[in-house]
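A.B. asks: Got a predicted structure plus its sequence, pasted below:
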Amino acid sequence: MPTPKPLPVVLTDNERQVLQGWARRRTTAQALALRSRIVLACADNANNGQVAEGLGISRNTVSKWRNRFVAARLEGLSDEPRPGAPRTITDEQVEQVIVKTLEEAPSRQDTHWSTRSMATATGMSQTAISRIWRAFGLKPHLVDTWKLSTDPQFIDKVRDVVGLYLDPPENALVLAVDEKSQMQALDRTAPILPIMPGTPARMTHTYIRHGTTSLFAALDIASGSVIAQHYRRHRHQEFLRFLKLIDAAVPDGLDLHLLCDNYATHKTPEVRNWLLRHPRFHLHRVSRGPANALLTTSVEACGWYWTSDSACTTYGPVSRTVVDPPGPPKPPERRAGPCPVDLAQPAAARFRPIIRQKRKDRPARVPDASIEVPPSRCKTSAGLGAGGAPAPRPSPTGHKHPA
């Protein structure tokens with residue numbers, strides 16, 4: 001059967017320019033680039049065999065894309081829709097979900113939309129709502145906060161605080177000072193039992209309330225060291241005691257730049273007179289608001305206040321002065337007896353001496369000659385006693401058996 005004559009391919013100037021661009025562009029898909037080269041070769045009056053031999057493909061491939069281009073021109077070179085389930089969510093439904101999320105409040109007085117409440121309101125599935133929100137970056141459950149400062153000296157204060165953080169003066173120590181009041185001082189009704197091999201730490205569920213306590217803390221931005229002290233009240237007298245504690249903890253050759261908020265206890269006449277008598281202390285007061293966040297976040301964002309508050313409410317009150325060295329915060333100190341292991345060592349080296357000591361203290365199993373045992377099944381001379389009777393053998397259970 002003779003081969004049918006191939007259809008002629010005639011290109012316009014625009015089509016030739018587009019096909020040459022698809023064939024030469026590096027970012028074009030290789031399948032589309034090959035189809036463009038096939039059409040360009042067919043437009044040069046070459047038959048299917050010549051085109052197939054020149055491009056290293058089969059004659060059927062050349063015939064297929066020649067016919068597709070003649071029938072649909074440039075659109076015929078694209079892939080046809082793949083078989084599969086048709087799309088069930090239309091663009092109008094997607095727009096309805098987006099508009100409802102942005103402009104309408106949820107029913108039943110909910111604070112924000114959830115995927116399930118939106119699915120109920122729109123008649124769609126929960127997974128479809130989740131996919132739409134992820135595609136458009138919608139997160140109704142997240143809320144960011146912001147605040148504008150009314151302080152006319154806000155810019156100068158920001159430069160002062162940020163400048164001390166980034167470029168502190170020579171022979172000076174920059175400390176972020178803040179207070180956390182109304183911390184619950186709880187105490188367990190029994191000592192906390194320390195952790196042992198195979199047994200977690202244990203403490204009673206009940207506790208005793210000791211009122212509240214106030215925590216004063218000063219964070220060294222450069223090294224991460226913390227100077228802190230608990231006080232029962234939150235007044236200028238306690239703030240003066242804390243300043244004296246900082247004065248005793250920091251060497252005499254360093255100036256102290258304290259960043260604190262504009263709280264009333266920091267501006268009393270007693271505090272000002274004490275600062276005049278100690279010239280190495282320099283207080284940088286920042287009014288409450290956005291500028292205050294620059295310094296309070298340094299103490300609170302490191303998690304130190306949260307750790308101390310959790311330690312008081314979980315393990316009991318802490319009434320000691322804390323001067324932490326550079327590095328991560330230490331774990332809270334538990335109100336238990338002396339721990340039999342060194343917590344600074346690794347776990348394997350920590351419990352190895354305890355296991356060895358337990359093995360040494362284990363009593364040895366010595367046979368008791370007074371225990372009567374049944375005749376042994378062993379008939380060797382080594383197992384025979386006086387008169388040819390079997391020698392007594394200790395019973396593993398410790399019971400006396402009848403002869």
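C.D. replies: Right, received. Where do you want to start? Here the structure is a predicted model, which means the values were calculated and not measured.
A.B. asks: For the helix or strand containing residue 22, which outside residues touch it?
C.D. replies: Assessed by DSSP states H and E, residue 22 sits inside helix 13-24. By CB atoms under 8 Å, 6 or more residues apart in numbering, the list of residues contacting helix 13-24 from outside reads 11, 28, 32-33, 36-37, 39-40, 43, 73-74. (C-beta placed from N, C-alpha, C; glycine too.)
A.B. asks: now stretch 164-175
C.D. replies: Counting by CB under 8 Å, 6+ apart, 218-222, 227, 246, 250, 253-259, 284, 298 sit against stretch 164-175.
A.B. asks: Convert the C-alpha atoms of it to PDB, please.
C.D. replies: Coordinates of each C-alpha in stretch 164-175 appear next as PDB, following Å, rounded to 0.1, in the frame of the first residue of the first chain:
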ATOM      1  CA  LEU A 164      24.300  51.000  73.500                       C
ATOM      2  CA  TYR A 165      23.500  47.500  72.400                       C
ATOM      3  CA  LEU A 166      25.500  47.500  69.200                       C
ATOM      4  CA  ASP A 167      28.500  49.700  70.200                       C
ATOM      5  CA  PRO A 168      28.800  49.900  74.000                       C
ATOM      6  CA  PRO A 169      31.400  52.300  75.500                       C
ATOM      7  CA  GLU A 170      34.800  51.100  76.500                       C
ATOM      8  CA  ASN A 171      35.200  49.800  80.100                       C
ATOM      9  CA  ALA A 172      31.500  49.800  80.500                       C
ATOM     10  CA  LEU A 173      28.800  47.100  81.000                       C
ATOM     11  CA  VAL A 174      25.400  47.500  79.500                       C
ATOM     12  CA  LEU A 175      22.600  45.800  81.500                       C
END
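A.B. asks: of the contacts of helix 13-24, buried ones?
C.D. replies: Burial by neighbour count, judged by 16 or more other CB atoms under 10 Å, picks out 11, 32-33, 36-37, 39-40, 43 from the contacts of helix 13-24.
A.B. asks: Following element in sequence after the longest strand seen in the chain, please.
C.D. replies: Criterion DSSP state E: the longest strand present in the chain is strand 172-188. Next along the chain after strand 172-188, taking DSSP H and E as the criterion, comes strand 207-220.
A.B. asks: and that following strand, what does it pack onto?
C.D. replies: Judged by 3 or more CB pairs under 8 Å, 6 or more residues apart in numbering; DSSP states H and E, strand 207-220 is in contact with strand 172-188, strand 226-231, helix 236-249, helix 290-300, helix 304-314.
A.B. asks: Please point out which parts of it sit buried.
C.D. replies: 213-220.
A.B. asks: Reformat those as CSV; add pLDDT and distance to residue 50.
C.D. replies: Below are the buried residues of strand 207-220 laid out as CSV (pLDDT from 0 to 100; distance: CB to CB, whole Å):
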residue, pLDDT, distance to residue 50
213, 85, 94
214, 88, 93
215, 88, 88
216, 90, 91
217, 89, 86
218, 90, 87
219, 88, 81
220, 87, 82
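A.B. asks: All the helices of the chain, residue numbers only.
C.D. replies: 13-24, 30-43, 48-55, 59-72, 91-103, 115-122, 126-136, 154-166, 236-249, 269-277, 290-300, 304-314, 347-361 (DSSP state H).
A.B. asks: quick one on the thing from earlier: from the contacts of helix 13-24, which shows the smallest pLDDT?
C.D. replies: The member of those with the lowest pLDDT is residue 28, and it reads 77.
A.B. asks: I'd like to check which residues are in contact with residue 94.
C.D. replies: Residue 94 touches residue 132, counting by CB under 8 Å, 6+ apart.
A.B. asks: Quick check: it vs residue 133, distance?
C.D. replies: Distance from residue 94 to residue 133, counting by CB to CB, to the nearest Å: 11 Å.
A.B. asks: Could you do residue 43 as well?
C.D. replies: 49 Å.
A.B. asks: repeat for residue 187
C.D. replies: Distance of residue 187 to residue 133, computed by CB to CB: 48 Å.
A.B. asks: what about the two, which has more around it?
C.D. replies: residue 133 (18 against 13; other CB atoms under 10 Å).
A.B. asks: any idea how far residue 196 is from residue 280?
C.D. replies: 49 Å.
A.B. asks: these two touch, right, residue 138 and residue 98?
C.D. replies: Yes. Assessed by CB atoms under 8 Å, residue 138 is found in contact with residue 98 at 7.3 Å.
A.B. asks: mind giving me the domain split of this protein?
C.D. replies: 13-77, 98-136, 154-323 (automatic domain parsing).
A.B. asks: Mind putting the ones you listed into a markdown table with distance to residue 86?
C.D. replies: Formatted as a markdown table, the domains of the chain follow (distance: least, CB to CB, whole Å):
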| stretch | distance to residue 86 |
| --- | --- |
| domain 13-77 | 21 |
| domain 98-136 | 15 |
| domain 154-323 | 52 |
